[in-house]
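K.L.:
just the structure for this:
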Amino acid sequence: MQYLVTMTTHVPDGTPDEAVGDVRAREAGHTGVLAAQGHVLRLWRPPLQPGEWRTLGLFAADSEDQLQDVLTSMPLHIWRTDEVTPLAEHPNDPAVTGVKPDGASAAGQSEFLTRFHLAIPAGTPSAAVQDAEDSEAMRTRELTRQGHLVRLWKLPAEQEALGLWRARDPAQMRAILASLPQGPWLTVQTTPLTPHPSDPAAEAG
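P.N.:
As a prediction, this is how the structure comes out:
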């Protein structure tokens, strides 16, 4: 299974800089080990307030118990609180459909996470709902081939999904979302992401 983990670190007041540096160095090294074991898939920085220390991580584990073992093994866990969101397979996820980018390059593109909530108006004909679902599936495949849609998961809440995207800038990301056939029924929360120094994707590149 895969999980999105929001990791928030609070270093106790008075902690020596040397101690913080030591823990951070050990965290980076251990993260590399966990990535090699297939547990840490991606790491990002969300927008942060001054003094805030927060990381978003995509993790893989056989169970929530194994995930907790992974998280508690990380050196920064002594100062950290973790919010775990289990992710489920989405039929339009590129990992499920097998659709791949048509040679599109990620160079110069930023990544974004989107949280979708689908609310179909009461009384909408079932044929219209099905048509929108079919059109949405086709559009997500197009966006995958264009290199914009990277991953898509179902969230635990009913009618909610999480997407990982690449776009040139926020304006292009908004245009991509506006192009979704189910757009009129969607409430979307978009989080711009910046690279994390220990992101396995950066290490692989």
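K.L.:
domains of the chain?
P.N.:
Following automatic domain parsing, one gets these domains for the chain: 2-88, 90-194.
K.L.:
select, out of those domains, the one closest to residue 201.
P.N.:
Comparison of those against residue 201 by Cβ to Cβ identifies domain 2-88 as nearest, at 5.9 Å. Backbone N, C-alpha and C define where each C-beta goes, glycine included.
K.L.:
got the end-to-end distance for that closest one?
P.N.:
Taking Cα to Cα, to the nearest Å, domain 2-88 runs 7 Å from one end to the other.
K.L.:
tell me where the chain has strands.
P.N.:
2-9, 40-45, 54-60, 80-89, 110-118, 149-154, 160-167, 186-195 (DSSP state E).
K.L.:
export the ones you listed to JSON lines and tack on mean pLDDT?
P.N.:
Output for these, formatted as JSON lines (pLDDT from 0 to 100):
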{"stretch": "strand 2-9", "mean pLDDT": "97"}
{"stretch": "strand 40-45", "mean pLDDT": "97"}
{"stretch": "strand 54-60", "mean pLDDT": "97"}
{"stretch": "strand 80-89", "mean pLDDT": "97"}
{"stretch": "strand 110-118", "mean pLDDT": "97"}
{"stretch": "strand 149-154", "mean pLDDT": "98"}
{"stretch": "strand 160-167", "mean pLDDT": "98"}
{"stretch": "strand 186-195", "mean pLDDT": "96"}
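K.L.:
and these: which comes nearest residue 95?
P.N.:
Per Cβ to Cβ, nearest to residue 95 of these: strand 149-154, 6.5 Å.
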